[in-house]
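Asker: Just a sequence and a predicted model for now, questions to come.
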Amino acid sequence: VAMGIDFYRNWQGAVGVDLRYVDLDRKMATVAAELDLVDAAIRLDEIGWVKPAGDEGTATVELQLNEARLADIPAFAVDGGGLQLSGSAAFDPETATLREVRLSQFQHGDTDIAADLTRTADGGYAVSARGPRLDARPLLARATASTADTDDAAAGAAEEAAAEAESADVTPLQVTVAFDEVTASDDGTLFEVSGLAVRDPRGWNEFDLAARTDTGQALRGRYEPVSAGDHQFTLNADDAGATLRALGITSNLQGGQLRVSGVRQQRTGPLVGSIEMRDYRAVAMPALGRLLAALSLGGLENVLSTEGLSFNRLNSGYTFADDVLSLHDARTAGGALGLTLNGEFDLGNDRLRAEGTIVPIYGVNQLIGAIPILGTLLTGGAGQGVFAFAFSAEGPLREPVVTVNPLSVLAPGLLRNMFFLDDRLG
């Protein structure tokens, strides 16, 4: 209960109990219990544990009572359904509130860790977790589901929910971690993971996380207060592709250096900033492949699906709020292609809506654009080109419907700017 886990809601079936009670004196007593869980069905989504009825399972617990109040749990253990857990807990002798929990062993699936939880002076908790392996996928899935449930519950009552969120305090929390390996998605693993996260009564206030990708390259993410109510976010990754793959964002990029920065105003505002990536390769990217197919650029489509297309640089402004990533004035270019894009990526609902310009054979257009005066007239300026196509994409993130405006084919950039100057998404 102290950890916010509702055992009764997630527990069904009979449990065999062998209970021993020893009255030491008028104040002190001990209780030892052995539980047979074979007939019980237990589900704890908080830790990703499911034990079906009929599967072997046991639990033991030792309690110390002081004047019939719980004083300490010298030992507890659970073994069943793929979970091996053991530890101890202590309670405040005056208030009987939880003072500390020590997990000496927590093994479940790919997770093998130990952790300590200690009550702090401000009424919150300090958590320290460490170990060789952590499978973070159940935790991340639960966090994502909680966010979606919160969004659904708040529909039609946004102002009321915002007011409640502003006035409600949460339990302060300070978390430090050190893991040899962390699995955050099905596509990759992070190594040498260490970090700190702090939550105050108003919500998460800061975090600092460092790790290495499976290619041995460093990454670091930070979120920290910079002024009254404002926070700054930075992410630096020496291997952008491996980082995004490990985080479950995309497996269609290879290599590259990534820097993301942004500022969130007053905690509840959107995160607004910029993205820069250099020297990366796009491989088997579904949306780009559909665009190249629509343009009948079969050669480039084949390259994309095999060794991939190289890009020298990507720059974009962005806004992130309510699981929607909006890109503003995005531009990327390589020897084979140049792209500009504006659009929205609804990550919660797996949808995108975007439009932009694709410039095949970017290097040739770049040479034309370098011609004084005439180059600008022909290409329409930075990010444009003589050989250019306007496109739009809408639908599921992995399978959007891509359309191309035939009027833009081979149209000089100056003319296309005139035709589409007032055409904006939405």
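Answerer: Alright, I've got the coordinates.

Asker: From now on I want contacts and neighbour counts done on CA atoms only, so please keep to that.
Answerer: OK.

Asker: residues of stretch 21-29 that come out buried?
Answerer: Buried residues in stretch 21-29, counted by 16 or more other CA atoms under 10 Å: Ala29.

Asker: Just the CA atoms of it, as CSV, please.
Answerer: What follows is stretch 21-29, C-alpha atoms only, in CSV (Å, rounded to 0.1, in the frame of the first residue of the first chain):
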residue,chain,number,x,y,z
TYR,A,21,2.5,-15.9,16.2
VAL,A,22,4.8,-15.5,19.2
ASP,A,23,4.0,-13.1,22.0
LEU,A,24,7.4,-12.0,23.4
ASP,A,25,6.1,-9.8,26.2
ARG,A,26,3.3,-7.4,26.8
LYS,A,27,4.5,-5.1,24.0
MET,A,28,6.5,-7.1,21.5
ALA,A,29,5.4,-9.9,19.3
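
Asker: Give me the distance from it to the chain's centre.
Answerer: In terms of CA atoms, centre = their mean, to the nearest Å, the centre of stretch 21-29 is found 50 Å from the chain centre.

Asker: Repeat that for stretch 174-182.
Answerer: Using CA atoms, centre = their mean, the offset of stretch 174-182 from its chain centre is 16 Å.

Asker: Roughly how far does the nearest residue to Gly338 once chain neighbours are set aside sit from Asn312?
Answerer: Nearest non-adjacent residue to Gly338, counting by CA to CA, 6 or more residues apart in numbering: Val359, 4.8 Å away. Going from Val359 to Asn312 by CA to CA, to the nearest Å gives 15 Å.

Asker: Which of those two has more residues huddled nearby?
Answerer: Val359 (23 against 15; other CA atoms under 10 Å).

Asker: what about the helices in the stretch 251-400 of the chain?
Answerer: Assigned by DSSP state H, counting those that start in this stretch, the stretch 251-400 of the chain shows helices spanning 286-294, 298-305, 362-369, 374-379.

Asker: mean confidence for the second one?
Answerer: Spelled out, that is helix 298-305. Mean per-residue pLDDT for helix 298-305: 64.

Asker: Let me know how buried Ala40 is, in neighbour terms.
Answerer: 20.

Asker: tell me the phi and psi of it?
Answerer: With angles defined as degrees, to the nearest 10, Ala40 sits at phi -100, psi 140.

Asker: Contacts only, for it.
Answerer: Neighbouring residues of Ala40 by CA atoms under 8 Å, 6 or more residues apart in numbering: 11-15, 51-54.

Asker: Excluding sequence neighbours, find me the nearest residue to it.
Answerer: Per CA to CA, 6+ apart, closest to Ala40 is Gly13, 4.4 Å.

Asker: if I look at the closest residue in space to Lys51 that isn't next to it in sequence, how far off is Ala242?
Answerer: Distances taken as CA to CA, 6+ apart place Gly81 nearest to Lys51, at 4.5 Å, with adjacent residues excluded. Gly81 sits 33 Å away from Ala242, going by CA to CA.

Asker: same thing with Phe320?
Answerer: Distance, Phe320 to Ala242, by CA to CA: 22 Å.

Asker: Show me which of the two is the more surrounded one.
Answerer: Counted by other CA under 10 Å, Phe320 and Ala242 do not tie: Ala242 has more neighbours, with 29 against 19.

Asker: Just checking: what are the partner strands of the helix or strand hosting Val61?
Answerer: Assigned by DSSP states H and E, Val61 falls within strand 57-66. Strand 57-66 has its sheet partners listed here by DSSP bridges as strand 28-36 (antiparallel), strand 69-80 (antiparallel).

Asker: from these, which stretch is densest packed?
Answerer: Most buried of these, by mean neighbour count (mean count of other CA atoms under 10 Å): strand 69-80, with a mean of 19.

Asker: Now do that strand: everything it contacts.
Answerer: 51, 55-65, 84-93, 96.

Asker: quick one on the thing from earlier: closest one to Leu352 among the strands paired with strand 57-66?
Answerer: strand 69-80 (43.2 Å; CA to CA).

Asker: what's the next secondary structure element after that closest one?
Answerer: Sequence-wise, the next helix or strand downstream of strand 69-80 (DSSP H and E) is strand 83-91.

Asker: and the helix or strand just after that next one, what does it pack onto?
Answerer: Remark: after strand 83-91, the chain's next helix or strand is strand 98-108, criterion DSSP H and E. Using 3 or more CA pairs under 8 Å, 6 or more residues apart in numbering; DSSP states H and E as the contact test, the elements touching strand 98-108 are strand 83-91, strand 111-119.

Asker: Tabulate the ones you listed in a markdown table, adding columns for mean neighbour count, mean pLDDT and distance to Ala32.
Answerer: Supplementary listing: the helices and strands packed on strand 98-108 in a markdown table, determined by neighbours: other CA atoms under 10 Å; pLDDT from 0 to 100; distance: least, CA to CA, whole Å:
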| stretch | mean neighbour count | mean pLDDT | distance to Ala32 |
| --- | --- | --- | --- |
| strand 83-91 | 20 | 95 | 13 |
| strand 111-119 | 19 | 96 | 23 |
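
Asker: how about the nearest residue to Arg290, chain neighbours excluded?
Answerer: Among residues not flanking Arg290 along the chain, Val402 sits closest, at 6.5 Å (CA to CA, 6+ apart).

Asker: so who does that neighbour touch?
Answerer: By CA under 8 Å, 6+ apart, Val402 lies in contact with 287, 290-291, 294, 391-394.

Asker: Next, count neighbours for Gly131.
Answerer: Number of residues near Gly131 (other CA under 10 Å) recorded here: 18.

Asker: Residues in a beta bridge with it, which ones?
Answerer: Note on Gly131: beta-bridge partners Phe179, judged by DSSP bridges.

Asker: for Ala242, helix, strand, or coil?
Answerer: Under DSSP: H, G, I helix; E, B strand; the rest coil, Ala242 falls in the helix class.

Asker: Number of residues surrounding the nearest residue to it once chain neighbours are set aside?
Answerer: Distances taken as CA to CA, 6+ apart put Thr213 closest to Ala242, at 6.0 Å, once the chain neighbours are dropped. Around Thr213 sit 25 other residues, with neighbours defined as other CA under 10 Å.

Asker: try the one 3 residues further on
Answerer: Applying the criterion other CA under 10 Å, we find 14 residues in the vicinity of Gly216.

Asker: isn't there a strand covering it?
Answerer: No: looking at Gly216 with three-state DSSP, it is coil, so not inside a strand.

Asker: ok so, going back, just the buried residues from the contacts of Ala40, in PyMOL please.
Answerer: Those of the contacts of Ala40 that count as buried under 16+ other CA under 10 Å are selected in PyMOL with:
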select buried, resi 15+51+52+53
